[in-house]
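Visitor: here are the coordinates; sequence isn't available:
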């Protein structure tokens, strides 16, 4: 089975801190994604990447950046965390040129105080 | 109008009941459709794809109605373990999957 691992399940940070969320997948998938999930808003796409060193903005990229230096790893960076970035962050990966089936990691719940 | 809309529920049904959820989408050019299941405090997992001709997987049946722009999920003989949130997912443009906010199902003994 494809495994998508998010390094931190729970994080508590202070406003203004820099936050790194790491995601690693072990099945050589080309595509990787970062979503956030909030009650009543569902999953919203922040950034995605379809190749190493490539990145594309999703629907809500403001306040975030990403890094994909290796195929298996996709990092989400909050340069200066704010309280409105308190959320569940979900990383996902998929195979091939169409993002048809996503495999998600277990999620990282970030609280910004 | 949201791209993908679902009734949030919760749908409360007894074990053994049949329950159906609908999901409407706004982009008539959408090409692919899916149902994902998300258990409480867990990540979403693919339940099934939705094909134009409809498809069935055990107790689960998915249908697509392009004319009215909705997809449906029917669950027969509900089990306690079916309690979860069901997410409707629609693929529009390149690489873009749009998720609904989910419909919560509670199956009681």
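Guide: Looks like it arrived, so ask away. Given the structure is predicted, the values throughout are model-derived calculations rather than measurements.

Visitor: Return the distance of the spatially most central residue of chain A relative to chain B.
Guide: By C-alpha atoms, centre = their mean, the mean C-alpha position of chain A lies nearest to residue A:34, the distance being 2.8 Å. Taking C-beta to the nearest C-beta, to the nearest Å as the criterion, residue A:34 is separated from chain B by 13 Å. In short, each C-beta sits where N, CA and C put it, glycine included.

Visitor: show me where pLDDT drops low in the chain?
Guide: Since no chain was named, I'll use chain A. Per-residue confidence for chain A (pLDDT under 70) gives these ranges: A:1-2, A:97-99.

Visitor: hmm, I had chain B in mind actually
Guide: Looking at chain B by pLDDT under 70, you get B:93-95.

Visitor: and it, which of its residues are near chain A?
Guide: B:8, B:32, B:34, B:42-46, B:49, B:87, B:91, B:94-97, B:99-102 (C-beta under 8 Å from any C-beta of the partner chain).

Visitor: Among those residues, which ones are in strands?
Guide: Counting by DSSP state E, these place B:32, B:34, B:44-46, B:49, B:87, B:91, B:97, B:99 in strands.

Visitor: Now restrict these to buried residues only.
Guide: B:32, B:34, B:44, B:46, B:87, B:91, B:97, B:99 (16 or more other C-beta atoms under 10 Å in any protein chain shown).

Visitor: thinking the fourth one is in contact with residue B:33, fair?
Guide: No: in this structure residue B:46 lies outside contact range of residue B:33 using C-beta atoms under 8 Å: 11.9 Å.

Visitor: Run through the residues that contact residue 86.
Guide: All of this is about chain A. A:110-112 (C-beta atoms under 8 Å, 6 or more residues apart in numbering or on different chains).

Visitor: my question was about chain B
Guide: B:6, B:21, B:35-38, B:47, B:73, B:102-105.
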